[in-house]
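Peer 1: give me a model of this one.
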Amino acid sequence: MARRRPGWTLSELADRLGATLEGPDGPAARPSAAGDDDPEGVTFAQDERYLTKALEGRFAAILLPPGLECDQTVLRHPRPRQAFMALLTLADRPMPLAEGIHPTAVVDPLASVAPTAKVGPYAVIEAGAVVRDRARVYAFAYVGEDCVVGEGSMLFPHAVLVRDVTLEAGVTIHSGAVIGADGFGYSWNGTRHIKIPQVGGVRIGPASEVGANATIDRATAGATTLGEDVKVDNLVQIAHNCRLEDHVILASQVGLAGSVTVETGAVLGGQVGTGDHVTIGAGARVGGQGGVVGDLAPGKTYWGTPARPKGETMRTLARTGRLAETEARLKELERRLAELEKKL
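Peer 2: Numbering: from 1, shown residues only. Take a look at the predicted model:
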């Protein structure tokens, strides 16, 4: 049977969101982006710029703050962005997963699966693994030897926990992510690269989330660790023995080399890359495509390669943009100097 999509009347939404309906009641089927044209959608605008964008289309209603007016139906709310987030929560639909263990799943007799956990079709749970209460292991996910899937954690289809990976409570691992593969370590013996065994593990703290096709390598020894509420975007690489403290955010295609420390609340933009053994200070921010080759101080914003304080990088970029002009002026000065020397 098809699962029913959410839908409301505007008056119901007003009650649920703590908003005031200004205009006729009617159906609302879903949240919509401001640039859409969706007569059954609800969008938001927090200022004139966003409202101009929203008015390019038609909507069932627009969430607006006091003082912002338009000729469409309005859901008035003092904080329209937060109200829209609440609407997204109402519209969210968890992926379906049947109770218990699907008959096609492969669960080793030495594994432990809590009675309230759910295990989907063709999932594999190896010996010594533990799947705790209310955890969800979706179709084709793999839970390797001695891994722990914490209470209420989720492994989406084709997520892989290779071995010795611990997910604490409420962790989400998205499709295609590989947690606990070998770290990248080799030693040159004079004739060839000898692989260094990687015998550590990975520990991911509560309420953390790892995006699709991200990779987090097992430690050479000890553990690669992510703290509480760490958010890792799609296609991120975290190498062996890295340590990410609480509330860190890594945007897509960030690459951390081995033994990097990212302190509490730091944010790395898309495609930031680091050298090994560097420390990024608490609350630091690194702009997209930044290259971190040394330690970064806490609380500052960095741009560029090598990553430097934002103001310094901006001044350097401004000077770089004037290089052609500067070169022309220098050549003119050289020409004049040569003419003066001829007259001496």
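Peer 1: shaky segments in the protein?
Peer 2: For the chain, applying pLDDT under 70 flags the ranges 1-6.
Peer 1: domains of it?
Peer 2: Domain assignment for the chain, taken from automatic domain parsing, gives 8-91, 100-311.
Peer 1: quick check: which of these is nearest to residue 325?
Peer 2: Go through those one by one with Cβ to Cβ and the one that ends up closest to residue 325 is domain 100-311, at 21.5 Å. Bear in mind the C-beta positions are built from the backbone N, C-alpha and C, glycine included.
Peer 1: can you give me how far that closest one is from the chain middle?
Peer 2: 12 Å (Cα atoms, centre = their mean, to the nearest Å).
Peer 1: how long is it end to end?
Peer 2: Across domain 100-311, the terminal residues are separated by 56 Å (Cα to Cα, to the nearest Å).
Peer 1: swap in stretch 54-74?
Peer 2: Its start and end residues considered, stretch 54-74 measures 12 Å (Cα to Cα).
Peer 1: same question for stretch 268-277.
Peer 2: Length of stretch 268-277, first residue to last, Cα to Cα: 16 Å.
Peer 1: same check, this time on stretch 84-104
Peer 2: Taking Cα to Cα, stretch 84-104 runs 40 Å from one end to the other.
Peer 1: before we move on, what about stretch 232-248?
Peer 2: In stretch 232-248, first residue to last residue: 8 Å (Cα to Cα).
Peer 1: stretch 279-289 too?
Peer 2: Using Cα to Cα, the end-to-end distance of stretch 279-289 comes to 17 Å.
Peer 1: need the residues that contact it.
Peer 2: Residues outside stretch 279-289 that contact it (Cβ atoms under 8 Å, 6 or more residues apart in numbering): 245, 251, 260-272, 274, 292, 295-305, 307, 310.
Peer 1: buried residues in that stretch?
Peer 2: For stretch 279-289, the neighbour count (16 or more other Cβ atoms under 10 Å) marks 279-287 as buried.
Peer 1: which stretches of the stretch 201-344 of the chain form helices?
Peer 2: 310-321, 323-343 (DSSP state H, counting those that start in this stretch).
Peer 1: would CSV of the domains of the chain with distance to residue 340 be doable?
Peer 2: Converted to CSV, the domains of the chain look like this (distance: least, Cβ to Cβ, whole Å):
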stretch, distance to residue 340
domain 8-91, 56
domain 100-311, 39
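Peer 1: and among these, the most buried is which?
Peer 2: Compared across the domains of the chain, domain 100-311 shows the largest average neighbour count, a mean of 19 (mean count of other Cβ atoms under 10 Å).
Peer 1: tabulate the buried residues of stretch 279-289 in JSON lines, adding columns for distance to residue 13.
Peer 2: Formatted as JSON lines, those follow (distance: Cβ to Cβ, whole Å):
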{"residue": "279", "distance to residue 13": "47"}
{"residue": "280", "distance to residue 13": "42"}
{"residue": "281", "distance to residue 13": "43"}
{"residue": "282", "distance to residue 13": "40"}
{"residue": "283", "distance to residue 13": "37"}
{"residue": "284", "distance to residue 13": "40"}
{"residue": "285", "distance to residue 13": "36"}
{"residue": "286", "distance to residue 13": "39"}
{"residue": "287", "distance to residue 13": "38"}
